[in-house]
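Q: Prediction below, plus the sequence it came from.
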Amino acid sequence: MIDGFLALYIFMLAAFTGKEIIGRVPVILHTPLMSGSNFVHGIVLVGAMIALAHAESPLAIAIGFIGVVLGAGNAAGGYVVTERMLEMFKSSKGEKKG
Amino acid sequence: MDLQTTLVWLAKASYFLAAVLFILGIKRMSSPVTARKGIVWAGVGMVIATLATFAITRGHNLGYIVAAIALGVIPTWLWGKKVAMTDMPQMVALFNGMGGGSAAAIGAGELLKFTQAGIAPPLATLLLAVTGALIGAISMTGSIIAWAKLDGRMDKRFTFGGQQAVNFLVFAAAVLAGLALVFWKLDASLVVVFFLLALAFGVLMTLPIGGADMPVVISLYNAFTGLAVAFEGYAMGIEALIVAGMVVGAAGTFLTQLMAKAMNRPISNVLFSNFGGGGEGA
């Protein structure tokens, strides 16, 4: 268990971090960045895995199973889609600059 | 240190490393020069965190976990590889909806555990588990509607008279059900009602929004899912979920504002312009 105020500080610092690190993103990267951050919250998979590992009743196992399937889909799909977007972005950008 | 303590320590260290990689990855993805490296860094973080989790689950329900991961990864991976480049935004919506659903499922599992154990969890844990489940469920069905609209599977817009009032009532009812779970009674049937209301609100909220505004809405749901993940991370006591979820929640909110600004549309306009204005359609 995480101490309440310590958690509040983590929430606060993480929120500022999130805003600051994307501070000057150019318009052309808006959609790839949305996709990339969509991939990052795929970390929910880890929470779902732990929940499923601790599940004992059939209902809890079913809920945990759904959670892991959805979380894994978020992570895998998010990665592939982001990578493909950035691939396209780089080649077109390179030609323009070239 | 015995083996078990060592494994838990290793997993916690891996989660920390993953959180650092996620932040560096997102930072790189926001600059044109480093963007492609960014997703790889974040991807490495994800693999490290997932592998480390096997170390602390001690093989409980291992078959289910492996099967569920395969079932989640294989179809989305193949689909993501072959989908047309122009269809990318709705794919992001769909995968984001899955993440929201996963957070909601974690919340449902936690609430189920609390109802069965018959002991009251700490107030903050219960409050954040319920809030995360609410946001995650809204994000899931909202994202699915966004996907259906962008994919041309649904009419561009759906409005009716008094829509704003109906939406508000459903949202208020979902919040009330959540508050009742936290402060009144952890009851299994109330948990079901709570989830149904939250899922319904996600649908209702997204129905009146037009296709052109969808990217902004998807970005907003992306931020929602991040928040939901962070809150469920607190409920489960996993710091990496709090940090990654909150970073995405804040970055996603900021990005939503930037996207709305790039379209010359204030975010409130995108979300509420069609509420209650049934038949007025622009």
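A: Thanks, I have the structure now.
Q: when you scan stretch B:202-220, is anything in it near chain A?
A: Yes. Stretch B:202-220 reaches chain A (Cβ under 8 Å from any Cβ of the partner chain) through B:215, B:218-219. Any C-beta I mention is one placed from the backbone N, CA and C, and that applies to glycine too.
Q: correction: stretch B:115-134
A: Yes. Contact of stretch B:115-134 with chain A (Cβ under 8 Å from any Cβ) involves B:116, B:122, B:124-125.
Q: Now the two most distant members of these.
A: B:116 and B:124 (20.5 Å; Cβ to Cβ).
Q: Return the members of the residues of stretch B:115-134 next to chain A classed as buried.
A: B:124-125 (16 or more other Cβ atoms under 10 Å in any protein chain shown).
Q: Run through the residues of the stretch 151-282 of chain B sitting next to chain A.
A: Residues of the stretch 151-282 of chain B lying near chain A (Cβ under 8 Å from any Cβ): B:215, B:218-219, B:222, B:225-226, B:229-230, B:232-234, B:236-255, B:258-259, B:262.
Q: quick one: which of the residues you listed sit in helices?
A: B:215, B:218-219, B:222, B:225-226, B:229-230, B:232-234, B:236, B:239-255, B:258-259, B:262 (DSSP state H).
Q: Point out where the chain drops to low pLDDT.
A: This is for chain A. Scanning chain A for pLDDT under 70 picks out the ranges A:1, A:89-98.
Q: that's the wrong chain, I meant chain B
A: Regions of chain B meeting the criterion pLDDT under 70 cover residues B:1, B:155-157, B:273-282.
Q: Apply 50 and report the result again.
A: B:275-282 (pLDDT under 50).
Q: show me where it has helices.
A: B:3-29, B:35-56, B:62-82, B:88-117, B:123-150, B:163-183, B:188-206, B:214-236, B:239-262, B:267-272.
Q: Deepest in the core, which of those is it.
A: The highest mean neighbour count among the helices of chain B, using mean count of other Cβ atoms under 10 Å in any protein chain shown, belongs to helix B:214-236: a mean of 29.
Q: could you say what helices and strands that one packs with?
A: Judged by 3 or more Cβ pairs under 8 Å, 6 or more residues apart in numbering or on different chains; DSSP states H and E, the packing partners of helix B:214-236 are helix A:4-21, helix A:30-40, helix A:44-54, helix B:88-117, helix B:123-150, helix B:239-262, helix B:267-272.
Q: helices or strands next to the shortest one in the packing?
A: In this case it means helix B:267-272. Against helix B:267-272 (3+ Cβ pairs under 8 Å, 6+ apart) you get helix B:214-236, helix B:239-262.
Q: Distance to residue B:204 for these - can I get that in a markdown table?
A: Shown next, in a markdown table, are the helices and strands packed on helix B:267-272 (distance: least, Cβ to Cβ, whole Å):
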| stretch | distance to residue B:204 |
| --- | --- |
| helix B:214-236 | 13 |
| helix B:239-262 | 20 |
